[in-house]
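[1] Model the following, please.
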Amino acid sequence: MASPVARPPQPRGLWARLDQLARASAPAALAVLLLLATGLPLGSAAREGGMPLTPLAAVFFWTLYRPGLMPPWVVFGLGVLADLLSAAPLGVNALIFLLLHGGVMTQRRALAKQSFLIVWIGFALFAAALLTLNWGMRTLLSFTIQPVTPGLFECGVTIAAYPLLAWLFVRLERSLEPV
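    Now for the predicted structure:
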């Protein structure tokens, strides 16, 4: 009779472990690439500070569908990197990203089962609230009222970019093995 005790896992080769590491780090690497692409000077919108915060979509999507691939420490690091690249007060984007991560984790069971339109509306609500908080914190920390128009543009473009980004994330997610 066979033993009910499971066999220890077979040792895996170097290439298999590297492949697993690459698959596990792909969402975070894509979020960093989006952050770097957001910082590219693309005309008057970039000069006015109204570039979309596309890594917000990455944090939202991966926290909703594969939270193991977007842990809080990665979200925090992404936020600090966003602060450094945007010359924002250190910690503002890190706090925004962590609040998004925590908010999505609390609503994950309800949101993950919904249609894309409901998920997009959920993202829009999170993004609007958090980008408003971002504007408020920057205003308080700089002791001057920041212009509203670039913030509205940033929020609108971030929300409008979500379907395209989600399509990209879904393609990547399908290529990942279950974690």
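[2] Just give me the residue closest to the centre of the protein.
    residue 59 (2.0 Å; CA atoms, centre = their mean).
[3] Off-centre distance for the helix or strand containing it?
    Assigned by DSSP states H and E, residue 59 belongs to helix 55-65. Centroid displacement of helix 55-65 relative to its chain, using CA atoms, centre = their mean, to the nearest Å, is 4 Å.
[4] isn't the residue nearest to the centre of the chain right up against residue 69?
    No: counting by CB atoms under 8 Å, residue 59 stays clear of residue 69, with 11.0 Å between them. Heads up, the C-betas are built off the backbone N, CA and C, glycines and all.
[5] Can you check which residues contact both of those two?
    Common contacts of residue 59 and residue 69 (CB atoms under 8 Å, 6 or more residues apart in numbering): none found.
[6] returning to what we had before: for the helix holding residue 59, name the packing helices and strands.
    helix 14-38, helix 72-86, helix 92-111, helix 116-142, helix 148-175 (3 or more CB pairs under 8 Å, 6 or more residues apart in numbering; DSSP states H and E).
[7] Could you pull up the residues touching the closest residue to residue 23 other than its chain neighbours?
    Nearest residue to residue 23, sequence neighbours excluded (CB to CB, 6 or more residues apart in numbering): residue 176, at 4.9 Å. Taking CB under 8 Å, 6+ apart, we find residue 176 in contact with 23-24, 26, 66, 69.
[8] Test my guess that residue 39 contacts residue 52.
    No: counting by CB under 8 Å, residue 39 sits too far from residue 52 to count as a contact (11.2 Å).
[9] which one of those two has more residues nearby?
    residue 52 (24 against 14; other CB atoms under 10 Å).
[10] pLDDT score assigned to the closest residue to residue 28 other than its chain neighbours?
    The shortest distance from residue 28 to any non-neighbouring residue, by CB to CB, 6+ apart, is to residue 74 (4.8 Å). According to the prediction, residue 74 has pLDDT 96.
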